[in-house]
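Participant: Let me see the structure of the following:
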Amino acid sequence: MKSLATGFTNQEYNWEGVKTLTVYSIPTVALSNYDRTAAANRYGTPAELQDTIQTMTVSQDKGFTFIIDKGNKMDSMNVRDAGKALRREIDEVIVPTEDKYVFNVIAESAKPQTAQGAISKSNAYEMFLAGQTALDNALVPAAGRIAAVNATTLAKLKQDSSFVLASEMGQKVKINGLVGELDGVKIVKVPDNYLPTGCEFFITHPSVTVKAEKLHDYKIHDNPPGISGNLVEGRIYYDAFVLDSKKDGIYAHYSAV
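Facilitator: Numbers count the residues shown, from 1 in each chain. Modelled structure (predicted):
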């Protein structure tokens with residue numbers, strides 16, 4: 001199973017230690033009037049540009065293990081294959097767990113840019129555009145924006161007459177149900193429970209969130225001591241962090257609570 005969170009994060013960080021990483025953010029300076037008559041410093045008074053440094057510690061360290069007894073495997077006509085079982089564990093447990101964690105980190109960090117209210121098939125498109133406007137006003141780059149929309153909300157959006165009539169995208173949805181991009185934003189449909197309780201959708205930019213992948217380690221041991229069969233083990237060590245200097249780059253809409 002492909003991760004749904006691909007495209008929502010970046011990996012622009014440096015490892016500071018065994019469990020910590022650092023991200024350097026370059027600030028900007030304000031404009032001043034150019035002084036044509038000044039003896040020096042006509043551009044203004046220069047000062048050293050100070051980097052913003054954020055240090056974060058990886059916290060998600062998970063593991064799993066299971067046994068496939070050789071006798072049970074034979075009795076099941078070899079259906080209990082270790083390789084297939086591991087693939088299913090990764091697809092149905094590991095990937096969804098990481099995706100949910102990343103989506104929750106992003107959505108819960110959208111405090112500067114949030115809205116609340118019930119979404120219906122008559123206002124879904126309007127609510128999405130409100131998020132776009134908020135990010136525009138926060139000077140978030142338009143190119144590269146991406147949105148996670150829960151399945152229930154996306155179904156309402158597809159039924160919103162304003163959306164269907166107003167856009168080429170809407171016409172495609174009307175014809176064949178395809179969803180890929182809306183108002184220049186890549187749309188990713190996610191199960192309702194992938195987002196925090198009450199979160200209908202969020203829009204962000206991949207530059208806002210870093211994902212640290214320290215370890216993805218999977219092993220199949222054949223006839224280890226004390227076991228006739230396979231011992232399967234796995235460990236994932238990862239985390240996701242929203243940069244303090246870019247929290248305005250997330251907009252989330254929550255239903256009325």
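
Participant: residue boundaries of the helices in the chain?
Facilitator: Using DSSP state H, the helices of the chain run over 70-75, 82-89, 95-108, 124-137, 151-159, 161-166, 168-176.

Participant: and L21, which of those helices is closest to it?
Facilitator: Among these, helix 95-108 comes nearest to L21, with 14.5 Å by CB to CB. Heads up, the C-betas are built off the backbone N, CA and C, glycines and all.

Participant: pLDDT weak spots in the stretch 101-250 of the chain?
Facilitator: Along the stretch 101-250 of the chain, the model assigns pLDDT under 70 to residues 164-179.

Participant: same thing but at 90, please
Facilitator: 110-114, 121, 157-184, 186-187, 213-215, 244-247 (pLDDT under 90).

Participant: just how off-centre is stretch 82-96 within its chain?
Facilitator: 21 Å (CA atoms, centre = their mean, to the nearest Å).

Participant: on that earlier part again, out of the helices of the chain, which is the most enclosed?
Facilitator: Most buried of those, by mean neighbour count (mean count of other CB atoms under 10 Å): helix 95-108, with a mean of 20.

Participant: picking up where we left off before, same list (the helices of the chain) but as CSV, adding distance to I250.
Facilitator: Listed next are the helices of the chain as CSV, based on distance: least, CB to CB, whole Å:
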stretch, distance to I250
helix 70-75, 47
helix 82-89, 31
helix 95-108, 6
helix 124-137, 8
helix 151-159, 17
helix 161-166, 22
helix 168-176, 22
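
Participant: out of these, which comes closest to L31?
Facilitator: helix 124-137 (19.5 Å).

Participant: C-alpha coordinates for stretch 5-18, CSV please?
Facilitator: Provided in CSV are the C-alpha atoms of stretch 5-18 (Å, rounded to 0.1, in the frame of the first residue of the first chain):
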residue,chain,number,x,y,z
ALA,A,5,1.1,11.1,3.3
THR,A,6,3.7,11.2,0.5
GLY,A,7,3.9,14.7,-0.7
PHE,A,8,2.8,16.4,2.5
THR,A,9,6.3,16.5,4.1
ASN,A,10,10.0,17.2,3.3
GLN,A,11,13.3,15.8,4.6
GLU,A,12,15.3,19.0,4.7
TYR,A,13,17.0,18.5,8.1
ASN,A,14,20.3,17.6,9.6
TRP,A,15,20.8,14.9,12.3
GLU,A,16,22.1,16.7,15.4
GLY,A,17,22.5,13.5,17.5
VAL,A,18,21.3,10.0,17.9
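
Participant: Show me the contact partners of it.
Facilitator: Stretch 5-18 has contacts (CB atoms under 8 Å, 6 or more residues apart in numbering) with 21-24, 55, 98-99, 102-103, 106, 146, 148, 186, 188, 204, 206-207, 209-213, 240.

Participant: Among the residues you listed, name the buried ones.
Facilitator: For the contacts of stretch 5-18, a burial check counting by 16 or more other CB atoms under 10 Å picks out 21, 23, 98-99, 102-103, 106, 146, 148, 186, 188, 204, 206-207, 209-212, 240.
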